[in-house]
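Student: got a sequence here, can you build the structure:
(one chain, ligands or ions: 1)
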Amino acid sequence: MNTVYVDSPVDDGTRRSRLFEGQLYVFTPRPSTAALCAFARELAEAAFAPHDPRTAQHHMPVEQYAALLADLKPRFIHHPRSKQLIEAMLLDFGCDPDDTYFDVPRMRTATAEGYLTSGIAYAFHPHRDTWYSAPMCQLNWWLPLYEIASENSMAFHPQYWNTPVRNSSRDYNYYAWNAESRTTAAQHIKTDTRKQPRAEETLALEPQVRMICPPGGVVLFSAAQMHSTVPNTTSHTRFSIDFRTVNLADLRSGAGAPNLDSACTGTVLRDFMRVSDLERLPGEVVATYDDDTHDTGVLVFDPAAAAPSR
Ligand SMILES: [Fe+2]
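Tutor: Numbers count the residues shown, from 1 in each chain. Just a heads-up that it's a prediction; the model follows:
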C-alpha cells in the first residue's frame, strides 16, 4: 500500500484491482453521496430531536442513548430508501449494476469521551473485515455524516497490508455470530462480551493514516485493510455510515486481496443484493465461499433477522 487516490476517474475494474493491492480511494462529496448522507442525517436528527445528534450524548443517560440508537440504526439499515440511494451512488461510481452486489448500510456512532463504546456503539479495535467472514474481494465504502476531525475518525494501519498478524479469526463463525450475539448488541452498554476476532499479538499502531473528508465524502478500501476506530477525544459524537460491495466476476475468478491471516468460517455473502434488482448472489457462487458450518442445525442463519450492528 503506497497510494491514496483522490477523486480518481478510473473505471471500476481498475479501481478494484488497485484496491486489492492495498491502495486507498477518497472521493469528495457529490450529489449521489450527499443524498445518501442527507437521508441518514434526517433519520438521526429526528431520533435525537430536540438535541443535535452530535451532542445528544451530553443530555441523556447512556441507557436512554443506547435505546435511541437501537431504534435508529435498524430503521436506517432496513429502510428501502437507503437501498435506493446506494444503488444510485454505485451507478454514479461506474459499478456494473448486473455484477455489483451490496449489503445493507450500517450507521455507526463513535461517542466522545468514552460515553458509550460497546454494543450498539462498538469502538472497533484494529481488525480486518476479512476476519469477520468477508470474502477477500469485498470492498468497504465509508462516509461521515458530519464534519469529522482526526481525533474522531477511523485509522488505517498500512504496515499490516503485507504482514500477517496472529489473530483469533479461527474462532469466528458468521452464522454463530448472527444467532448468538448480533441481536443483543443494544444490551452491551457497559462492556461487550461478544467474542470478536482480534489480534493475538501486540500491534504497532503507528504509523497510521486517517482520511479526513467532508460530510458526504467517501473512503473506499479493501476489506483486508487493518483499520480501527480512533478513540474520540473531541466533544462530539462521530456519525458515519458504511456498506460493502462485491463483484460477481471477482467472486468467480477468485480476484481479491491476498489472504495473509484470516481463518474464520462461514461467509457474509448471503447478505448481498444485486444493484440492478436486489437479487441475491447465485447459490453455487456462495457455496464456493462457504463451508460445512452453514447447515449444522446448531448455527441458524436467517438473512431477514440479520440486523448488523458492527
Ligand atoms: Fe471494519
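Student: immediately after the longest strand seen in the chain, which helix or strand?
Tutor: Looking across the chain with DSSP state E, the single longest strand is strand 238-247. Later in the chain than strand 238-247, the nearest helix or strand by DSSP states H and E is helix 248-253.
Student: would you mark the buried spots in the helix or strand of the chain with the lowest mean pLDDT?
Tutor: Least confident element among the helices and strands of the chain, by mean pLDDT, DSSP states H and E: helix 174-180 (a mean of 86). Under the neighbour-count criterion of 16 or more other Cβ atoms under 10 Å, helix 174-180 has Tyr174, Tyr175, Ala176, Trp177, Asn178, Ala179 buried. Any C-beta I mention is one placed from the backbone N, CA and C, and that applies to glycine too.
Student: packing partners for the helix or strand following that helix?
Tutor: Going down the chain from helix 174-180, the next helix or strand is strand 209-210, by DSSP H and E. Judged by 3 or more Cβ pairs under 8 Å, 6 or more residues apart in numbering; DSSP states H and E, strand 209-210 is in contact with strand 154-156.
Student: now the strand it packs on, how far from the centre of its chain.
Tutor: Relative to the centre of its chain, strand 154-156 is centred 12 Å away, using Cα atoms, centre = their mean, to the nearest Å.
Student: remind me what it packs against, helices and strands.
Tutor: Using 3+ Cβ pairs under 8 Å, 6+ apart: strand 154-156 touches strand 209-210, strand 227-229.
Student: hmm, back to that, taking the mean pLDDT, what do you get for the longest strand of the chain?
Tutor: What strand 238-247 shows for mean pLDDT is 97.
Student: could I have the CA atoms of it written out in CSV?
Tutor: Coordinates of each C-alpha in strand 238-247 appear next as CSV, following Å, rounded to 0.1, in the frame of the first residue of the first chain:
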residue,chain,number,x,y,z
ARG,A,238,-19.0,11.0,15.2
PHE,A,239,-21.7,9.6,12.9
SER,A,240,-20.8,7.6,9.8
ILE,A,241,-22.4,5.2,7.5
ASP,A,242,-20.8,2.3,5.6
PHE,A,243,-21.7,-0.5,3.3
ARG,A,244,-19.8,-3.2,1.4
THR,A,245,-19.7,-4.4,-2.2
VAL,A,246,-18.6,-7.5,-4.0
ASN,A,247,-18.3,-8.0,-7.8
